[in-house]
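>>> Sequence first, predicted coordinates after that:
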Amino acid sequence: MKADRAVAKDIDEYIARLPKETRAISQRVRAAIRKAAPDAEEKISYQIPAFFLEGNLVHFAAYRNHIGFYPGAAGIEKFKSELPSYETAKGTVRFSLDRPIPFDLIERMVKYRVKENLDAAEARRRK
């Protein structure tokens with residue numbers, strides 16, 4: 001997003017502002033996240049769509065040539081064997097728009113993060 005543009009107030013507005021080419025893909029990414037984490041709270045955080053459930057769950061963002069998906073370092077590590085054909089960094093995977101987006105992988109990564117967050121919340125409550 002350009003610095004002079006106001007931050008979207010919610011994910012609906014964020015997606016509505018996207019170019020047509022990335023709007024539909026972003027809606028499908030959001031749907032995959034919602035399917036895997038129906039109880040997650042949607043927010044805009046760091047000026048991009050974010051999902052929270054007992055803490056930060058995942059973020060995503062649409063760019064000109066890719067979808068950035070941010071499941072955290074543990075999410076990348078857990079699924080690294082399925083990510084060799086994607087550009088990754090600590091906590092980040094870039095799904096190129098010139099290839100099919102692996103929505104099933106996104107769902108599985110989100111489910112992993114849900115379990116991770118719920119387990120951590122339970123451990124905090126036990127202390």
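Now that the structure is in, tell me what you want to look at.
>>> which stretches of this structure have low pLDDT?
Along the chain, the model assigns pLDDT under 70 to residues 1-5.
>>> Would you map the strands across the protein?
With DSSP state E, the ranges of strands along the chain come out as 41-45, 48-52, 56-62, 66-70, 87-89, 92-96.
>>> Give the buried residues for the first one.
By 16 or more other C-beta atoms under 10 Å, the buried positions in strand 41-45 come out as 42, 44. Quick note: C-beta positions are derived from backbone N, CA and C, even for glycine.
>>> and what of the third one?
Neighbour-count burial for strand 56-62, counted by 16+ other C-beta under 10 Å, picks out 57-62.
>>> what does stretch 113-123 give?
Buried, per 16+ other C-beta under 10 Å, within stretch 113-123: 113-114, 116-117.
>>> Let's see which of these end up in helices.
Among the buried residues of stretch 113-123, the members found in helices (DSSP state H) are 113-114, 116-117.
>>> related to what we said a few turns ago, quick check: the two most widely separated of the buried residues of stretch 113-123?
114 and 116 (7.2 Å; C-beta to C-beta).
>>> so what's residue 39 up against?
residue 53 (C-beta atoms under 8 Å, 6 or more residues apart in numbering).
>>> redo that, cut-off 10 Å
Neighbouring residues of residue 39 by C-beta atoms under 10 Å, 6 or more residues apart in numbering: 51, 53-54, 114, 118.
>>> Look up how far residue 114 lies from it.
Applying C-beta to C-beta, to the nearest Å, the value for residue 39 to residue 114 is 8 Å.
>>> residues shared between the contacts of these two?
The contact lists of residue 39 and residue 114 share 51, 53-54, where a contact means C-beta under 10 Å, 6+ apart.
>>> would JSON lines of those residues with neighbour count be doable?
Formatted as JSON lines, these follow (neighbours: other C-beta atoms under 10 Å):
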{"residue": "51", "neighbour count": "24"}
{"residue": "53", "neighbour count": "18"}
{"residue": "54", "neighbour count": "16"}
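>>> And these, which is closest to residue 83?
Of all the shared contacts of residue 39 and residue 114, residue 83 sits closest to residue 51, with 19.8 Å by C-beta to C-beta.
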